[in-house]
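In: sharing a model prediction with you, sequence too.
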Amino acid sequence: MTLETLKRDVCGAIDEMRDELIGVSHAIHAHPELAFEEKFAADLLTRTVEKYDLTVHRGAYGVETAYATEFGHDGSGIMSILSEYDALPGIGHSCGHNIIAAAGLGAALGLSKLGSKLKGRVRYMGTPAEERGSGKEIMAQHGAFEGVDASMMVHPAGFDMVTMPCIALSEVEVIYHGRAAHASAMPFRGLNALDALVTAYQSIAQLRQHIQQTERIHGIIVEGGLAPNIVPERASGRFYIRARDGVELAALKKRVAACFEAGALATGTRLEARWGKCDCLDLKTSWPLADAYEANAKSLGRELLDPSTLPPGLAGSTDMGNVSHRVPSIHPMVQVSPPNVVIHHPDFAAYAKSAKGDQAIIDGAKSMAMTTLDFFSSGELRAQAKAEFAKSKDLSRAAVASAYHKDGFLMAGACGCC
């Protein structure tokens, strides 16, 4: 059986499931759940997988709302296809993870219907907590990508593109502990926690003048005191630190940490810095796989934007970057809205359940399924992906080593537009 025949068969299988896949997407959209709380979505997705006689491992790889199933035949590698399904606080599925969930589901189920004609293995996984906590990194720490040869997912956006510009990200919450006192009668008895935080904030503002153009530091004051006539005994803030890759991120974090320490030293307060357990890494796109995906998406009538035409500095962060430094990976964008509608905006949530969003599910599923077939059918493609990945293996090894902090805290990770 030819590759083109297999592609027609898998696309036909996905078309047969169209109503079911869209129904799954709309149900998840109607029940938005935050990171690590995606019980409805995980249950719906796993029950749907089980309907097709696939065994599902619930609570997979160290995350309660994750799942995994594997099928196919040995000989041509293992492709992992991923679904995300967490939502944002207040604005629901304004990042369109319901589409990611259904597209990954459709690609996996379509491939499973090929039976003995599928010449490789597929590891389909539900990967929760992309918006907060970097669920993929936690799953990776528990072996989710061991033995995997490549990985992919699609993300909705205002345009089609084979990759997403991503940089590395770390989050930290800082809390300053001072001493309360009457701000007028006995200010000398107090230690001002707000002054400590403001000093640190200003130090970071000054540091921003002297960092690379690829680096970012931004934060907010969350807590600044109770009343003007009380010396604030507690103040807190939350900051994102970003850099081109995990190695540069680790260096920048040290400079930012010095700013936090300066606030405490200047005011005599005590600093509590709560760094996140998981950093998001930059996205290392596998261009051989991306080229295959682009050809398949174009065959469905999709017009893909050239990544080089994007404005300089336009980049977000995602825990798919952590996967991409372990195995050759792609993270294409699939259009669901006009280009002027940005993700993480309430308007985007409406497009995530629109007819255009529904078509993105089907086209995303088909494009990933066909690219998987390309990977299984071509030893040359597998070799190219492996060879290109190896060119920066030392940087990837260092980045992965810097991304997980066992003594850190589960905090807000990063979605593609955050």
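Out: Nice, I can see it. Source: prediction; values computed, not measured.
In: so which elements touch the helix or strand hosting L249?
Out: For L249, the host element (DSSP states H and E) is helix 246-267. For helix 246-267, the packing partners by 3 or more Cβ pairs under 8 Å, 6 or more residues apart in numbering; DSSP states H and E come out as strand 168-177, helix 193-207, strand 234-243, strand 270-275, helix 393-403. For every residue, glycine as well, the C-beta is placed using N, CA and C.
In: between strand 270-275 and it, find me the angle.
Out: Put simply, helix 246-267 runs at 160 degrees to strand 270-275, going by axes from the mean of the first three to the mean of the last three Cα atoms, to 10 degrees.
In: show me where the stretch 301-418 of the chain has strands.
Out: 329-330, 333-335 (DSSP state E, counting those that start in this stretch).
In: before we move on, the earlier item: need the winner for burial among the helices and strands packed on helix 246-267.
Out: Greatest average neighbour count among the helices and strands packed on helix 246-267 goes to strand 168-177 (a mean of 25), per mean count of other Cβ atoms under 10 Å.
In: as a whole number, average confidence for that one?
Out: The average pLDDT for strand 168-177 rounds to 95.
In: so after the one helix or strand I138 maps to, what's the next helix or strand?
Out: Here I138 sits within helix 135-141, counting by DSSP H and E. Next helix or strand after helix 135-141 toward the C-terminus (DSSP H and E): strand 150-152.
In: name the residues that touch that following strand?
Out: The contact list for strand 150-152 (Cβ atoms under 8 Å, 6 or more residues apart in numbering) reads 77-82, 145, 286, 289, 293, 323-324, 327-332, 368, 371-372, 375, 382, 385.
In: with stretch 400-413 instead?
Out: By Cβ under 8 Å, 6+ apart, the surrounding residues in contact with stretch 400-413 are 35-36, 129-135, 137, 141, 169, 171, 173, 238, 246-247, 249-250, 274-281, 317, 319, 322, 325-326, 418.
In: please pick the buried ones from those.
Out: Taking 16 or more other Cβ atoms under 10 Å as the criterion, what is buried in these is 35-36, 129-135, 137, 141, 169, 171, 173, 238, 246-247, 249-250, 275-281, 317, 319, 322, 325-326, 418.
In: pull out the buried positions in stretch 289-307.
Out: L289, A290, D291, A292, Y293, E294, N296, A297, R302, L304, L305.
In: swap in stretch 215-227?
Out: Result for stretch 215-227 [16+ other Cβ under 10 Å]: buried residues E215, R216, I217, G219, E223, G225.
In: now the residues you listed in TSV, with secondary structure?
Out: Below are these laid out as TSV (DSSP: H, G, I helix; E, B strand; the rest coil):
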residue	secondary structure
E215	coil
R216	strand
I217	strand
G219	strand
E223	strand
G225	coil
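In: CA atoms of stretch 397-404 as CSV?
Out: Taking C-alpha atoms only, stretch 397-404 is exported to CSV below (Å, rounded to 0.1, in the frame of the first residue of the first chain):
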residue,chain,number,x,y,z
ARG,A,397,21.3,18.7,27.4
ALA,A,398,22.3,21.8,29.4
ALA,A,399,18.9,23.3,28.9
VAL,A,400,17.1,20.3,30.1
ALA,A,401,19.3,20.0,33.1
SER,A,402,18.4,23.6,34.1
ALA,A,403,14.7,23.3,33.6
TYR,A,404,13.5,21.3,36.6
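In: any idea of the mean pLDDT in stretch 86-93?
Out: 92.
In: let's see that stretch as PDB, backbone CA atoms only.
Out: Written as PDB, here are the backbone C-alpha positions of stretch 86-93 (Å, rounded to 0.1, in the frame of the first residue of the first chain):
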ATOM      1  CA  ASP A  86      -6.500  23.400  30.400                       C
ATOM      2  CA  ALA A  87      -8.100  26.900  30.300                       C
ATOM      3  CA  LEU A  88      -7.300  30.400  31.600                       C
ATOM      4  CA  PRO A  89      -8.800  32.000  34.700                       C
ATOM      5  CA  GLY A  90     -11.700  34.300  33.900                       C
ATOM      6  CA  ILE A  91     -11.500  34.000  30.100                       C
ATOM      7  CA  GLY A  92     -11.900  30.200  29.600                       C
ATOM      8  CA  HIS A  93     -10.500  28.700  26.400                       C
END
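In: give me the contact list for that stretch.
Out: By Cβ under 8 Å, 6+ apart, stretch 86-93 touches 28-29, 32-38, 41, 94-95, 97, 128-132, 135, 344-346, 349, 352-353, 415.
In: check stretch 24-42 too.
Out: 44-45, 48, 58, 63-67, 85-89, 92-93, 97-99, 101-102, 105, 126, 128-133, 135, 349, 352-353, 357-358, 361, 410, 413.
In: can we see that at 6 Å?
Out: 44, 65, 85-87, 92-93, 98-99, 101-102, 126, 128-129, 131-133, 353, 361 (Cβ atoms under 6 Å, 6 or more residues apart in numbering).
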